[in-house]
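Asker: Just a sequence and a predicted model for now, questions to come.
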Amino acid sequence: MKHVIAFIQDHKLTPVTHALHGVEGLTGVTAASVRGFGRTASSEDKRAIRDELELLTQRIRLDVFCRDDLADAVIETIRSVAHTGLRGDGKVYVAPVEDALRIETGERGEEAV
């Protein structure tokens, strides 16, 4: 199993989630509004960020847990739909998942996802 974590621009949430609905076998996505800064911040910006949190950039974080065979399709879907060609389009990270548990049924592993 894989954990795909994507940071995308706010206005891309709807198109990306609609596109992810088209990935056959994908069981869900979690989205959260987050704030942060990337490597584009200058030293002066970093000092300001320490002083004023409202200067942090608003982004959407997507968390997708999926079977290994779906990871590439999820990643490519996010990349293609979130891409604008401009700086700040976002990032995608992928991490292995050791186990999962569906509380309702007690299912474990890929069946729980």
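Answerer: Cool, got the structure. Residues are numbered from 1 along each chain as shown.
Asker: Sort out which residues of the helix or strand that contains Ala95 are buried, please.
Answerer: Here Ala95 is covered by strand 90-96, with elements defined by DSSP states H and E. Going by neighbour count (16 or more other C-beta atoms under 10 Å), the buried part of strand 90-96 is Gly90, Val92. All C-beta atoms are positioned from the backbone trio N, CA, C, and that covers glycine.
Asker: same deal with stretch 78-89?
Answerer: Result for stretch 78-89 [16+ other C-beta under 10 Å]: buried residues Ile78, Val81, Ala82.
Asker: Same question for stretch 93-111.
Answerer: Buried positions in stretch 93-111, judged by neighbour count with 16+ other C-beta under 10 Å: Glu110.
Asker: and what of stretch 26-33?
Answerer: Buried residues in stretch 26-33, defined by neighbour count with 16+ other C-beta under 10 Å: Leu26, Val29.
Asker: rewinding a little: chain center to the strand holding Ala95, what's the gap?
Answerer: Put simply, strand 90-96 sits 7 Å off its chain's centre (C-alpha atoms, centre = their mean, to the nearest Å).
Asker: swap in stretch 93-109?
Answerer: Mean-position distance between stretch 93-109 and its chain equals 18 Å (C-alpha atoms, centre = their mean).
Asker: Quick check: end-to-end length of that stretch?
Answerer: End-to-end distance of stretch 93-109 (C-alpha to C-alpha, to the nearest Å): 21 Å.
Asker: and Cys66, how many residues sit next to it?
Answerer: Look at Cys66: counted by other C-beta atoms under 10 Å, it has 25 neighbours.
Asker: Between the buried residues of stretch 78-89, which sits nearest Glu98?
Answerer: Glu98 has its nearest neighbour among those in Ile78, at 23.0 Å by C-beta to C-beta.
Asker: In this structure His83 contacts Thr77, no?
Answerer: No. His83 is beyond contact range of Thr77, at 11.0 Å (criterion: C-beta atoms under 8 Å).
Asker: Remind me what the helix ranked longest in the chain packs against, helices and strands.
Answerer: Secondary structure of the chain per DSSP state H: the longest helix is helix 68-82. Applying 3 or more C-beta pairs under 8 Å, 6 or more residues apart in numbering; DSSP states H and E, one finds that helix 68-82 makes contact with strand 2-8, helix 13-21, strand 57-66, strand 90-96.
Asker: Fine, thanks again, bye for now.
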